[in-house]
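> Quick one, fold the following:
(chains A and B)
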Protein chains: 2
Amino acid sequence: MGNDLPAWVKERRKPRVIIIGGGFGGLYAARKLKRANVDLLVLDRTNHHLFQPLLYQVATATLAATDITAPIRWLLAKQHNATVLMTEVDRVDPDRRVVVAEKGTKEYPYDFLIVASGARHAYFGHPEWEGTAPGLKSIDDALELRRRILTAFERAELTDDADERRAWLTFVIVGAGPTGVELAGMLPTIAKHALPRDYRRISHEDVRVVLLEGGTRVLSTYPEELSEHARNDLVSLGVDVRLGSLVTSIVPGEVHASGDEVIRSHTVIWAAGNAASPLGATLGAPVDKVGRVLVAPDLSVPAHPEIFAIGDIVSITTDGKAVPGVAPAAMQMGPHAARNVLRTLEGRERLPFRYRNKGDLATIGRHKAIADFGFLRVSGGLAWWFWLLVHIMYLAGFRNRFSVLLEWGYAYFTYERGARLITGRR
Amino acid sequence: MGNDLPAWVKERRKPRVIIIGGGFGGLYAARKLKRANVDLLVLDRTNHHLFQPLLYQVATATLAATDITAPIRWLLAKQHNATVLMTEVDRVDPDRRVVVAEKGTKEYPYDFLIVASGARHAYFGHPEWEGTAPGLKSIDDALELRRRILTAFERAELTDDADERRAWLTFVIVGAGPTGVELAGMLPTIAKHALPRDYRRISHEDVRVVLLEGGTRVLSTYPEELSEHARNDLVSLGVDVRLGSLVTSIVPGEVHASGDEVIRSHTVIWAAGNAASPLGATLGAPVDKVGRVLVAPDLSVPAHPEIFAIGDIVSITTDGKAVPGVAPAAMQMGPHAARNVLRTLEGRERLPFRYRNKGDLATIGRHKAIADFGFLRVSGGLAWWFWLLVHIMYLAGFRNRFSVLLEWGYAYFTYERGARLITGRR
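Next up is the predicted model:
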């Protein structure tokens, strides 16, 4: 390099910033760079930003897929320094400072890189379970789950075999984190209100929702008192909550769990484990056992200060606590990484990231929720209304916000699911 | 059978009526039987009724899939004589009076059968074109077209190769019937309003929409004067309308047409030909060359007065004119067939079907349409508002009606497409 001038100064051009991923981390990082004098490139394998906390509502046919998604390029249309490309990133080459995409046929050089490619579900060494027990991370996952859940009711109505009917009406959810709990809470509500009216042969009393959790309580990252509340709410909805129950095998039609138990079910949903995006392993940085990048306090990668990693792809501890893999954490890390890029460009020192936990929220079925604001813990109806307010506030784009309110109002007052559409060929 | 009593009298039970297909024909037939003292079974391979005339708006990302669909069992929930089953019908066995389904594993006996299983697109002996040039009949078709159209813009923005970019921005529509014309009119509108704002590298001036029609005019079933209007509207939107142009071959990336012409395109949409559902051929009745059942004037099958066929699966002439394969015809045939079932049960003579053409409507892009009411022919803005009114009125279920109005209002005033979501794995 000869002298110490950065490449963009020597080459008389704007610094190039690439963001990989248009989720909460990537989108909020991009927006923070709105007025920056940089060339910004946002890469995502899909064309849309996804409001992930409401994904389970698409899977359970309450909201439409278009209600919780918005095109990334639409969200960044007025940000003139930003170009958005839909492309599959293969890996990062940190030595040559390029992002490699489209099976090695494309390379995008960067001066600064923000990796926000998130996580996928992981099957604890059993990738063969995925076909039978899909997870819920993308909009395609949600549409696949919706297809399976609605089809299960249809097959139950169709069959004349009592055993088969029971297997079609048994829903097994593996993992009692927020996604598992929210799905488990929604299914009995749907069954109770839709089945008696629309189906002639099956009864909602035949519907069984089993929530399997290997640990000792549901929502294990929440205070114990709220976990207990959530468990009671689930039980009162009729959910069969089994704590300390480890899955040993999943095959089509059957889930095997601790103690040689076999549950016959055609609809198994995986909400148990996450693994970071494989891009993390290509950054030349240490990763933990689920593939998360161990970043420095400023969110950059130890050996490459020009690379930042944010959101579900990182493992970081602030104020002595591990930052959880939740949307609010990504929303805070994104702007922080962007700010550190700007400070570097201005020749100022970088700031360490500190996670501010503004509270945790989870809903359980209709009209119940738990909320933990640290100084205040709420459960029941009030928490539910608060949950509604927060989610509406954060939904990207006015149009979706309004449309979601409408769908929710409709579902709330009529007990109807507005999006009971089966799509996708098997 | 020994004596002349019908089976349901001898067996002391209600007459069994089966309807195959929950489209306009089947749904309207079922509703006509609302108060009938029969056991009604409605079979469909999907779980939803589809408002087919607006399917092209899902394909072009204006409406969400859930806006134009409603579960068949929801639509018939209050009709207590009706059971709805989602199942794949294989064939009818008219001699044994059973419907065979689920690969021969299920049989449903009937006393009266109404076949309303519609049509699929046909490729004039070239089924191999389907993968490259999909058609638009089902909601899955619409989501696949939406994926292809939106992906084409994304790939055009991504590529650095000028030829490739041109091929991605060229859309070829084969067939200038209502579906072809409506799709062709929508694409330039999308390109003109979405591209300049959201894309950085491609211009709407590079978008080419080619409409290939083998015949001598667009919308050939309409009066010549309106065809000419529609063609002018399309041309003024920038559509390359080619009449008398026959497709000779379709391969990935290329369409070959009359006169050795080759059009480079990655997005080809088939709107040229229909074939009736293959069930028609199993009814023991004569069919025409596209598989449509030649029904008697009362809509029953000549050799089997207990079997009726309605909608796109039949060929019938009333008042000296062929009844067109459009939604209003199915909406009239459905109740008529049901009425003839009721009259038969009451021992009254059946009535012949007469098609009442209340008018034809087609839209061309934003704010243009043509309407033919026989006594009155309108084109332009007035026809467009009329089109809007009619479609809103007929949309099944209040909720969808309201939601669609909202989406349309949004799209109309902001020029935004609310449903620009790419789903489905390739």
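> how about the helices of chain A, start to end?
Remark: helices assigned in chain A by DSSP state H are A:7-10, A:24-32, A:55-59, A:72-75, A:139-158, A:162-168, A:178-198, A:224-236, A:327-345, A:381-394, A:398-414.
> okay, the residue nearest to residue A:53 when sequence neighbours are not counted: pLDDT?
Nearest non-adjacent residue to residue A:53, counting by CB to CB, 6 or more residues apart in numbering or on different chains: residue A:327, 5.6 Å away. To be clear about C-beta, it is placed using only N, CA and C from the backbone, and glycine gets the same treatment. If you check residue A:327, the pLDDT there is 90.
> wait, residue A:327 sits on residue A:50?
No: applying CB atoms under 8 Å, one finds residue A:327 not in contact with residue A:50, separated by 10.4 Å.
> which of the two has more neighbours?
Using other CB atoms under 10 Å in any protein chain shown as the criterion, residue A:327 and residue A:50 rank with residue A:50 on top: 26 against 17.
> my read: the more buried one touches residue A:140, true?
No: with contact defined as CB under 8 Å, residue A:50 does not reach residue A:140; the gap is 10.3 Å.
> what about the stretch 1-150 of chain A, any weak spots by pLDDT?
A:1-3 (pLDDT under 70).
> For it, just list every one of the strands.
Under the criterion DSSP state E, counting those that start in this stretch, strands of the stretch 1-150 of chain A are mapped to A:16-20, A:39-44, A:48-50, A:69-71, A:82-86, A:89-93, A:98-101, A:106-109, A:112-115, A:119-121.
> Output those in TSV, with distance to chain B appended to each entry.
Listed next are these as TSV, based on distance: least, CB to the nearest CB, whole Å:
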stretch	distance to chain B
strand A:16-20	14
strand A:39-44	10
strand A:48-50	6
strand A:69-71	5
strand A:82-86	4
strand A:89-93	12
strand A:98-101	9
strand A:106-109	8
strand A:112-115	19
strand A:119-121	14
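> Could you export stretch A:303-318 as CSV, CA atoms only?
Extracted C-alpha coordinates of stretch A:303-318, given in CSV (Å, rounded to 0.1, in the frame of the first residue of the first chain):
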residue,chain,number,x,y,z
ALA,A,303,-8.4,-9.0,13.0
HIS,A,304,-10.3,-6.8,10.6
PRO,A,305,-11.4,-3.5,12.0
GLU,A,306,-13.1,-2.7,8.6
ILE,A,307,-15.6,-5.6,9.1
PHE,A,308,-18.5,-5.3,11.5
ALA,A,309,-20.9,-8.0,12.4
ILE,A,310,-24.3,-7.4,14.0
GLY,A,311,-27.6,-9.1,15.0
ASP,A,312,-28.1,-12.8,15.3
ILE,A,313,-24.8,-13.6,13.7
VAL,A,314,-22.8,-12.3,16.6
SER,A,315,-22.1,-13.3,20.2
ILE,A,316,-21.3,-10.4,22.5
THR,A,317,-21.6,-9.6,26.2
THR,A,318,-22.3,-6.1,27.4
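> So which bits of it are buried?
Residues A:304, A:306-316, A:318 are the ones in stretch A:303-318 that count as buried (16 or more other CB atoms under 10 Å in any protein chain shown).
> So which residues on the stretch 101-250 of chain A come close to chain B?
For the stretch 101-250 of chain A, the residues in contact with chain B (CB under 8 Å from any CB of the partner chain) are A:102, A:106, A:139-140, A:143, A:150-151, A:154, A:157-158, A:197-201.
> can you do 10 Å?
Proximity of the stretch 101-250 of chain A to chain B is confined to A:101-102, A:106, A:138-140, A:142-144, A:147, A:150-151, A:153-155, A:157-160, A:194, A:196-201 under the rule CB under 10 Å from any CB of the partner chain.
> now the strands for the stretch 251-400 of chain A?
For the stretch 251-400 of chain A, the strands defined by DSSP E, counting those that start in this stretch occupy A:254-257, A:261-264, A:267-270, A:274-276, A:293-294, A:300-301, A:304-309, A:314-315, A:317-318, A:321-322, A:360-363, A:369-372, A:377-379.
> The fifth one packs against which elements?
The criterion is 3 or more CB pairs under 10 Å, 6 or more residues apart in numbering or on different chains; DSSP states H and E, and the helices and strands that strand A:293-294 contacts are strand A:304-309, strand A:314-315.
> The last one pairs with which strands, parallel or anti?
Same thing as strand A:314-315. strand A:293-294 (parallel) (DSSP bridges).
> Quick check: which of the strands of the stretch 1-150 of chain A is buried the most?
Most buried of these, by mean neighbour count (mean count of other CB atoms under 10 Å in any protein chain shown): strand A:112-115, with a mean of 29.
> Can you name every helix or strand that that one contacts?
strand A:16-20, helix A:24-32, strand A:39-44, strand A:89-93, strand A:98-101, strand A:300-301, strand A:304-309, helix A:327-345.
> and those as JSON lines, adding distance to residue A:113?
As requested, the helices and strands packed on strand A:112-115 are exported to JSON lines (distance: least, CB to CB, whole Å):
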{"stretch": "strand A:16-20", "distance to residue A:113": "5"}
{"stretch": "helix A:24-32", "distance to residue A:113": "11"}
{"stretch": "strand A:39-44", "distance to residue A:113": "10"}
{"stretch": "strand A:89-93", "distance to residue A:113": "7"}
{"stretch": "strand A:98-101", "distance to residue A:113": "7"}
{"stretch": "strand A:300-301", "distance to residue A:113": "9"}
{"stretch": "strand A:304-309", "distance to residue A:113": "5"}
{"stretch": "helix A:327-345", "distance to residue A:113": "10"}
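> picking that back up, which residues are common contacts for residue A:50 and residue A:140?
Both residue A:50 and residue A:140 are in contact with residue A:65, where contact means CB atoms under 10 Å, 6 or more residues apart in numbering or on different chains.
> got a list of what residue A:388 touches?
By CB under 10 Å, 6+ apart, the contact list for residue A:388 reads A:361, A:363, A:369, A:404, A:405, A:408, A:412.
> Out of the residues you listed, which are close to chain B?
Okay, of those, nothing touches chain B (CB under 10 Å from any CB).
> Weed out the non-buried ones from those.
The buried subset of those (16+ other CB under 10 Å) comprises A:361, A:363, A:369, A:404, A:408.
> Now the fourth one: closest residue in space that isn't a chain neighbour?
For residue A:404, ignoring the flanking residues on the chain, the nearest one in space by CB to CB, 6+ apart is residue A:67 at 5.0 Å.
> Let me know whether the one you found touches residue A:407 as I believe.
Yes: with contacts counted by CB atoms under 10 Å, residue A:67 reaches residue A:407, the gap being 6.2 Å.
> Mind checking which of the two has more residues around it?
Per other CB under 10 Å, whichever of residue A:67 and residue A:407 has more neighbours is residue A:67, with 30 against 22.
> Wait, residue A:35 touches residue A:78, no?
No: contact criterion CB under 10 Å: residue A:35 and residue A:78 do not qualify, at 11.8 Å.
> Quote the end-to-end distance of stretch A:371-391.
13 Å (CA to CA, to the nearest Å).
> Please apply the same query to stretch A:212-230.
14 Å.
> Now do the buried residues in it.
For stretch A:212-230, a neighbour-count test (16+ other CB under 10 Å) marks A:212, A:213, A:214, A:217, A:218, A:219, A:222, A:226, A:227, A:228, A:229, A:230 as buried.
> This completes my enquiry, with thanks.
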